[in-house]
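Please find the sequence and the predicted model below.
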Amino acid sequence: MTFRLTNTAKTYPDGTRALLSTELTVNNGEIVSLLGPSGCGKTTLLRIIAGLETPDAGSDIWFDEDNVTSLPVERRKVGMVFQSYALFPNMSVRANIGYGLKMQKLPKQEIDARVTEVLEMCQLQKFSARAISALSGGQRQRVALARAIAPRPRLLLLDEPLSALDASLREVLRDELAVLLREFNITAIFVTHDQDEAMAIADRVAVMSNGRVVQSGTPEELYRNPNSAFVAGFVGNAMLLDGKNTGNVLILEGGELKLPSEGTGQNVFVRAEDVKIDDNGPLCGQVETITFLGTHYRIGIKGITPNLLTSVFAGQSAPKVGQRVKVAIGPEALMLLPEGAV
Amino acid sequence: MFKTKTKILQLTVTLTACTFLLVPMILSVMAGVTANYFQGISSGLTLKWVFRVWELYADSIFLSMWLAITCLIATLIIGLPAAYGLARHPGWLSRLLEEFISLPLAVPGLALALALLQLYGSMKGFRASWTFILVGHVLYTLPFMVRSILAVLASMDLKTLEEGAASLGASPWQRFRDIVVPNAMPGILAGALTVVTLSIGEFNLTWMLHTPYLKTLPVGLADSYASMRLEVASAYTLVFFVLIVPLLMAMQWASARAQRISQ
Amino acid sequence: MVSGESEAGWAIYLDILRKPRYLNTLVLTVLVSLATTVAALAISTTAGMFLSRNRFKGRGILLSIMTLPLAFPGVVIGFLIILLGGRQGLVNQITPGHVVFAYSVVGLFLGYLYFSIPRVLLTVMAAAEKLDPELEEAARTLGASPYRVVVNVILPGLMPSLVAAGAIAFATAMGAFGTAFTLATNIDVIPMVIYTEFTLSANIAMAAALSIVLGIVTWALLLIARSLSGTTVAAGG
C-alpha cells in the first residue's frame, strides 16, 4: 500500500503546535523511519497516522486511494507496536495474537491457522500458551509485533519498539527486526530517537525537529549530504568548525583550512572520523582528553576551535595528554551549510 | 465536548448520582435555616434553630472535640512507635501484628462495642467515664494511624537511612527523632486528620458505649432526629457539616500528598 | 469477642439458622447488601471511569460532591434519606400521591447506597488512573469497538479493584448500624436485631453470637478485599 499524508498538522487545545503542516509519502513495501529528539512531533505524527489523534482541519491522510482522515482507528486496518508493547495481561500469547482476527469475526479455524503461521514466522511457537507475565522483554517485543501483523494490516506502525529493552539486547533485536519487517513485505513507519536504529532498519529516514520533517532521504544521503546543521549534528554527530571564512579559506584559532567551494555566509561542519592526526596537517592543537574504546581512541583536541575538536584515532600508539599535534581535514570531508539554517 | 452516546450515558449516570447525594444535603441545610419547614422557605430564613442547637447540644459538641483530641494523642503515642517497629522489622510476625491491629477496621463497630461492654461493663467507674468511649475510639482509629505512617515508612529505605545516621554517631533515640519522625511526617499528618475526622463522626461504637450524661455529637444527632422538630435536627446536622467538611477536605489533601510521597 | 455467660454454647449458632426470625433477618440483610453492592458498583464504575477519563469544567465540583459523604456517619445518612423520602420528605411534597419510602427496604437500600457510592468511586478511580492507556489504544488498532475495549481491556484491568470495592461495600452494608438505626424501625436487619436483642430483650448470648457471625463474615470479606487492592477503607456506618 502507498501511504500519503498532506498538509497534516496538530495543534493542542492549549495552543501547543505539536506538528506543523507536514507532507509525507511512503511507497508500497517501503520502511520509513521518523527520527528526531524527544518532543519533535514524531510520536504525534505516528499517532495521527494510526488514528489515535485527530489532526487539525485541512489535514489529509490517504491509504492508496482511500481518504482515511476521518476514519476511526478501529476501522483503519493499521497494525501498531507500542513502546510499552501494551500486551493484554488477561490473555495468553496466542489470544493476544489472535485478538485482531477475532475482532474481524473470522471463523475459529482460520484464526487458529493464521495465528499458528504468525507464531512460526516470529519463532514464538514454544510460548503460545504462556501468560504475558512469563515472557522476557525480547519475547514480548516479538509477540507485540506478531499481534500487530496477524490481521494483515495495510500499514504497520512502530513506536520506539526497542526502547524498552536492555542495551545489549537492543542491538541483536534491531537486526532481527530489520530482517522480519522485510520478510513481512509490509509498508511500515517506525519512530525512533536513535540514529543507529533508524539507519539499521529503515529504507528511508525522515528527520524531524520542532514539529516538522527537516530532511528525508536514504541513510547514506542524510549522512553525506545533510541539508541543515541540525541534521548534520543529529545524524552522525557533525561538529561545527567555528571560525571566519573568507572566500575559499576558513580561518580557525589553530590554523587555516582550504574549503572545497566558496564559503562566505556558510557554516562548516566535520565528523570526528574525518579529523586526522597528521604531522603534515595545517592545523595545530593540544591533546586534552583521550578515551580508549577498544577498536579506536577518541581524542579531544583544544586550541583549534572554541570547543574541543574530536578525532577518531585508529593507530596503535595514541598521542599523550598535553602533547601538541598537527591535524589535517580533507576538503571533501567538509560540509558547508548555510548560516542560520535550522 | 461529550459527543458520543457512551459519554452522554456516563455523564447522565454521574449527574444522577451527584443529584442523589447532593439534594438531601441541600434539603438539610435549608431546613436548618428556615423558620418553618412546613411552610417552606417563604416563612423566612433564621439562625434561631442553630442557636437552639447550641443551647441544647453544646456539651455534646465539646465532648466530641475533646474526645477527638485525646484520641489523636493516644493514637500518636501508640501508633507512631508501633508503625516504626513494624516498618523496621518486616516479617511474618509483623504482618500478623498489623493484621491484629487492623481487626477493628474490619469488624463492625456494633460487635466491637458489645465486646468492650462484655469485658469492662462490670467496672462501674470506668464504664461511666468518658475514657470508656475513648478506648472505643482509639481501637477504631488506631489502624488508620498505623497504616498511614507505615505506608510512608515502607516507601523509603529506612534501614539504610538509620545506618547512615548511626555511622555519623546518632543514638537510637536521636535517629528516631531526627530521621524517622521528620520523614514520616506526611503519613503522620494524613493519619492525624483521618483519626480526628473519624472520631468526630463515630456513631456505631459510641451509641453503645455512651451514658445519658456523656453524649457525643453524633449521639446527640441521633437523639435530635428521634425527639426534636425537623428544623432543629437539620440545624444540628448543619453544624456537623460545618465541622466535618473542612476536616474531610484537609484529610483528603493530606492523604493524596502522603500517597504521592510514598510512590 | 467473648460470647459472655452463654450456657447454650454452640447451640445458639444453630438457633440463628433454625428460628425463622433470625434466618429471615439473615436472608434480608444479605439481599439488601447484595443489591447495594451491585448498584454501587454499577453507578460508581460508570461515574469513576467518566471522571477519571474526562477533564472538563465542574469536574472538581462533581468529584467533591461524590466524596463528601465519606465523612458522614450512618445516622446522618439515615436522616438525609428521611428528608428525601420521609413523611415530610421532598418526594412526598412534590409528588401527588402519598409516597413515603424512607422507612421501607427501599429507604434502607438508598441509605446504604449513599454510603457506598463514594467508597467504591474512590477505589475505581484509583484503579482507573493505573490502567495503561496504551492497552486500550492497542485494542482499538486491532479493530476493537468501544464496547469490546470495555469488555476485553478496561473491565479485566479494573477487576481486582472492583472485587475489592464490592467486598467492602457488601461488608459495610452487612454491618451498617447507624443507617439502620434511623431507618429500619420496622425492618429486621442483623445490626438492628443485635441491638434489640442486647438492649431490649437482654438476650446477650444471642447478640454476641450474631455479632461474632457478622464480625467473621465482614472480616473475611475485607481480608479478601485488601489482598486484592491493598487499600484501607473505613467499614463504619
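Nice, thanks for sending it over.

residues touching residue 68, list them.
No chain in the question, so chain A it is. A:51, A:61-62, A:76 (C-beta atoms under 8 Å, 6 or more residues apart in numbering or on different chains). The way it works is simple: take the backbone N, C-alpha and C, and place the C-beta from them, glycine included.

Can you look at chain B instead?
For B:Ala68, the contact set (C-beta under 8 Å, 6+ apart) comprises B:195-196, B:199-200.

What of C:Ala35?
For C:Ala35, the contact set (C-beta under 8 Å, 6+ apart) comprises C:Phe109.

so where do the helices sit in chain A?
A:42-50, A:93-103, A:108-121, A:137-149, A:167-184, A:195-201, A:219-224, A:229-234 (DSSP state H).

Is chain C within reach of the second one?
Yes - remark: helix A:93-103 sits within contact range of chain C at A:99-100, A:103, by C-beta under 8 Å from any C-beta of the partner chain.

Quick check: pLDDT value at residue 227.
Let's take chain A. We have a pLDDT of 89 for A:Asn227.

ah, I was thinking of chain C
At C:Ser227, the model reports a pLDDT of 77.

Okay, it and B:Glu99: tell me how far apart.
As defined by C-beta to C-beta, to the nearest Å, C:Ser227 lies at a distance of 11 Å from B:Glu99.

Looking at the two, which is more packed in?
Neighbour totals were compared for C:Ser227 and B:Glu99, and B:Glu99 leads with 14 against 10 (other C-beta atoms under 10 Å in any protein chain shown).

helix or strand for the more buried one, which one?
helix B:92-106 (DSSP states H and E).

if we can go back for a sec, the helices of chain A: which one's closest to chain B?
The minimum distance between chain B and the helices of chain A falls on helix A:93-103, with 18.1 Å, by C-beta to the nearest C-beta.

ranges for the helices of the stretch 151-263 of chain B?
Secondary structure of the stretch 151-263 of chain B (DSSP state H, counting those that start in this stretch): helices at B:158-167, B:172-175, B:181-201, B:204-209, B:217-227, B:230-261.

which residues sit against the fourth one?
Applying C-beta under 8 Å, 6+ apart, the external contacts of helix B:204-209 come out as B:108-110, B:112-114, B:116-117, B:132-133, B:136-137, B:139-140, B:216, B:218-219, B:222, C:73-74, C:177-178, C:181, C:195, C:198, C:236-237.

Now do that helix: distance to the chain's middle.
15 Å (C-alpha atoms, centre = their mean, to the nearest Å).

Quick one: the helices in chain C, in order.
Counting by DSSP H, the helices of chain C are C:11-18, C:20-53, C:59-67, C:74-85, C:90-94, C:105-130, C:133-141, C:146-149, C:155-175, C:178-183, C:190-199, C:204-229.

Using TSV, please lay out these together with distance to A:Leu293.
Formatted as TSV, these follow (distance: least, C-beta to C-beta, whole Å):
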stretch	distance to A:Leu293
helix C:11-18	79
helix C:20-53	49
helix C:59-67	54
helix C:74-85	71
helix C:90-94	80
helix C:105-130	43
helix C:133-141	37
helix C:146-149	49
helix C:155-175	46
helix C:178-183	73
helix C:190-199	75
helix C:204-229	51
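
Model confidence score at the residue of chain C at minimum distance from chain B, please.
Nearest residue of chain C to chain B, counting by C-beta to the nearest C-beta: C:Gly175, 2.9 Å away. Listed pLDDT for C:Gly175 reads 87.

so what's the residue nearest to A:Val172 when sequence neighbours are not counted up against?
Counting by C-beta to C-beta, 6 or more residues apart in numbering or on different chains, A:Val172 lies nearest to A:Gly138, which is 8.0 Å off, once chain neighbours are set aside. By C-beta under 8 Å, 6+ apart, the residues touching A:Gly138 are A:165, A:169, A:172-173.

at 7 Å what do you get?
Neighbouring residues of A:Gly138 by C-beta atoms under 7 Å, 6 or more residues apart in numbering or on different chains: A:165, A:169, A:173.

How about B:Leu150?
B:Leu150 touches B:83, B:86-87, counting by C-beta under 7 Å, 6+ apart.

what about the residue lying closest to A:Ser216 once chain neighbours are set aside, neighbour count?
Closest residue to A:Ser216 apart from its sequence neighbours, by C-beta to C-beta, 6+ apart: A:Ala206 at 4.2 Å. Burial of A:Ala206 is recorded as 24 neighbouring residues (other C-beta under 10 Å).

for B:Ala87, same thing?
Neighbour tally, B:Ala87, other C-beta under 10 Å: 22.

What separation is there between it and B:Gly79?
12 Å.

Please name the nearest non-neighbouring residue to B:Ala250.
B:Leu193 (5.3 Å).

actually A:Glu256, sorry about that
A:Val249 (5.6 Å).

And for the residue of the stretch 201-342 of chain A found nearest chain C, nearest residue in space, chain neighbours not counted?
Nearest to chain C in the stretch 201-342 of chain A, going by C-beta to the nearest C-beta, is A:Ile201, at a distance of 20.2 Å. What sits nearest to A:Ile201 in space, not counting adjacent residues and going by C-beta to C-beta, 6+ apart, is A:Ala178, at 4.5 Å.

isn't the one you found right up against A:Met199?
No - assessed by C-beta atoms under 7 Å, A:Ala178 is found out of contact with A:Met199, at 10.1 Å.

quick one: low-confidence ranges for chain C?
Residues of chain C that meet the criterion pLDDT under 70 lie in C:1-9, C:229-237.

mind running it again at 50?
For chain C, applying pLDDT under 50 flags the ranges C:1-6, C:231-237.

how about the residue nearest the centre of chain C, what does it touch?
With distances taken as C-alpha atoms, centre = their mean, C:Ala169 lies nearest the centre of chain C, 3.4 Å away. By C-beta under 7 Å, 6+ apart, the contact list for C:Ala169 reads C:36-37, C:40, C:116, C:119-120.

Counting neighbours, what do you get for C:Val30?
When neighbours are defined as other C-beta under 10 Å, C:Val30 has 16 of them.

which non-adjacent residue is nearest it?
Leaving aside its sequence neighbours, C:Val30 sits nearest to C:Met174 (C-beta to C-beta, 6+ apart; 7.4 Å).

what does C:Leu62 give?
Nearest to C:Leu62 is B:Cys18, by C-beta to C-beta, 6+ apart, at 5.5 Å.

if I pick A:Val26, what's in contact with it?
With contact taken as C-beta under 7 Å, 6+ apart, A:Val26 is in contact with A:3, A:32, A:187, A:189.

can you put the residues you listed in TSV and add pLDDT, neighbour count and distance to A:Thr69?
As requested, the contacts of A:Val26 are exported to TSV (pLDDT from 0 to 100; neighbours: other C-beta atoms under 10 Å in any protein chain shown; distance: C-beta to C-beta, whole Å):
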residue	pLDDT	neighbour count	distance to A:Thr69
A:Phe3	93	23	13
A:Val32	96	22	19
A:Thr187	94	21	18
A:Ile189	96	27	16
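
What is the nearest of those to A:Cys284?
A:Val32 (44.6 Å; C-beta to C-beta).

didn't the closest one look like it was pressed against A:Val191?
No - applying C-beta under 7 Å, one finds A:Val32 not in contact with A:Val191, separated by 10.0 Å.

How much space separates A:Ala86 from A:Leu34?
Distance, A:Ala86 to A:Leu34, by C-beta to C-beta: 19 Å.

In terms of neighbours, single out the busier of those two.
A:Leu34 (28 against 23).

which of the residues of helix A:93-103 next to chain C has the most neighbours?
Top of those by neighbour count (other C-beta under 10 Å): A:Gly100, with 27 neighbours.
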